[in-house]
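Colleague: here you go, sequence then predicted model.
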Amino acid sequence: MVVKAAVRAPLRNTWKSNPKVEQRSAPRERLFLILLGLGEFILPFVFVMTPWLRAFDYRLPHWAGWLGAGLMVASLAVFAKTHADLNKFWSPVLELIEDHKLITTGIYSRVRHPMYASQWLFVIAQALLLHNWVAGLAGLVIFVPFYFIRVRAEEQMLLDRFGPKYEAYLQSTGAIFPKI
Ligand code: SAH
């Protein structure tokens, strides 16, 4: 979470000063972001720092922790790359800014949602690292519905804005896995 916050900090400032021209489903989006914070940060933090959630522990073999650590490193690497490539067009909620450009280069030339791909890796890693039904699975339980609802709304927004250009982009890329 510290690495993620550090990667995002400069873009958060840019985002605040960006002139926005459109925002979609902001209240629902904000609620999801709060729940995600609970699932991927607060509950894991409580699990690590206190004994309160111990009643919900489960056991996974030793290798699961190493696999989880590997996936976490991959998640953070993809997260950093997406922020470098998307740059000022990043926003925490669905929105478009003045002169919004469709980014189709870098990691975005292969997949449309690499930031959400990094989030998938994160929540899977969380379940492998924290052997607890509450703290381990909270990220997955909250992120999975968020992902499907968000991607649908985001692609509709970008289709409305960029039309045929986004349709072509849809054809040539995968959502979170590169098209073969
Ligand atoms: N779904 C992307 C981006 C997440 S950030 C990913 O997973 O990497 C969300 C914001 O990014 C949205 O508000 C949208 O305006 C913007 N966005 C998404 N894809 C974009 C693209 N290819 N080019 C420019 N902006 C994009």
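Modeller: All right, it came through fine. Numbers count the residues shown, from 1 in each chain.
Colleague: next to the ligand, which bits of the protein? Give me the list.
Modeller: 82, 86, 89-91, 94-96, 102-103, 108, 113-116, 154 (CB under 6 Å from any ligand atom). No exception for glycine: its C-beta is placed from N, CA and C like everyone else's.
Colleague: ok, so of these, who is nearest residue 127?
Modeller: Residue 127 has its nearest neighbour among those in residue 116, at 17.0 Å by CB to CB.
Colleague: would you map the helices across this structure?
Modeller: Using DSSP state H, the helices of the chain run over 2-17, 26-37, 43-49, 62-86, 114-129, 138-162, 164-172.
Colleague: possible to save these as TSV with mean pLDDT?
Modeller: What follows is the helices of the chain, written out as TSV (pLDDT from 0 to 100):
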stretch	mean pLDDT
helix 2-17	95
helix 26-37	92
helix 43-49	97
helix 62-86	97
helix 114-129	98
helix 138-162	97
helix 164-172	97
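Colleague: out of those, nearest to residue 56?
Modeller: helix 43-49 (8.7 Å).
Colleague: and that closest one, what's buried?
Modeller: Applying a neighbour-count criterion of 16 or more other CB atoms under 10 Å, one finds 43, 44, 46, 47 buried in helix 43-49.
Colleague: just confirm the third one contacts residue 56, I think it does.
Modeller: No - taking CB atoms under 8 Å as the definition, residue 46 is not a contact partner of residue 56, at 11.3 Å.
Colleague: overlap in contacts, the two.
Modeller: Here residue 46 and residue 56 have residue 135 as joint contacts, going by CB atoms under 8 Å, 6 or more residues apart in numbering.
Colleague: filter the residues of the chain next to the ligand to the buried ones?
Modeller: Buried by 16+ other CB under 10 Å: 82, 86, 89-91, 94-96, 103, 108, 113-116, 154, out of those.
Colleague: please save the CA atoms from stretch 92-108 in PDB.
Modeller: In PDB, the C-alpha atoms belonging to stretch 92-108 read as follows (Å, rounded to 0.1, in the frame of the first residue of the first chain):
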ATOM      1  CA  PRO A  92      -9.900   7.500  -9.200                       C
ATOM      2  CA  VAL A  93     -13.500   7.800 -10.400                       C
ATOM      3  CA  LEU A  94     -14.800   7.600 -14.000                       C
ATOM      4  CA  GLU A  95     -14.200  10.900 -15.700                       C
ATOM      5  CA  LEU A  96     -12.900  12.700 -18.800                       C
ATOM      6  CA  ILE A  97     -10.800  15.800 -18.800                       C
ATOM      7  CA  GLU A  98     -10.500  18.600 -21.300                       C
ATOM      8  CA  ASP A  99      -8.500  17.400 -24.300                       C
ATOM      9  CA  HIS A 100      -8.700  13.800 -23.100                       C
ATOM     10  CA  LYS A 101      -6.700  11.600 -25.400                       C
ATOM     11  CA  LEU A 102      -7.100   7.800 -25.800                       C
ATOM     12  CA  ILE A 103      -3.900   6.200 -24.700                       C
ATOM     13  CA  THR A 104      -3.100   3.200 -26.900                       C
ATOM     14  CA  THR A 105       0.700   3.000 -26.400                       C
ATOM     15  CA  GLY A 106       3.000   1.300 -23.900                       C
ATOM     16  CA  ILE A 107       1.200  -1.300 -21.800                       C
ATOM     17  CA  TYR A 108      -2.100   0.100 -23.200                       C
END
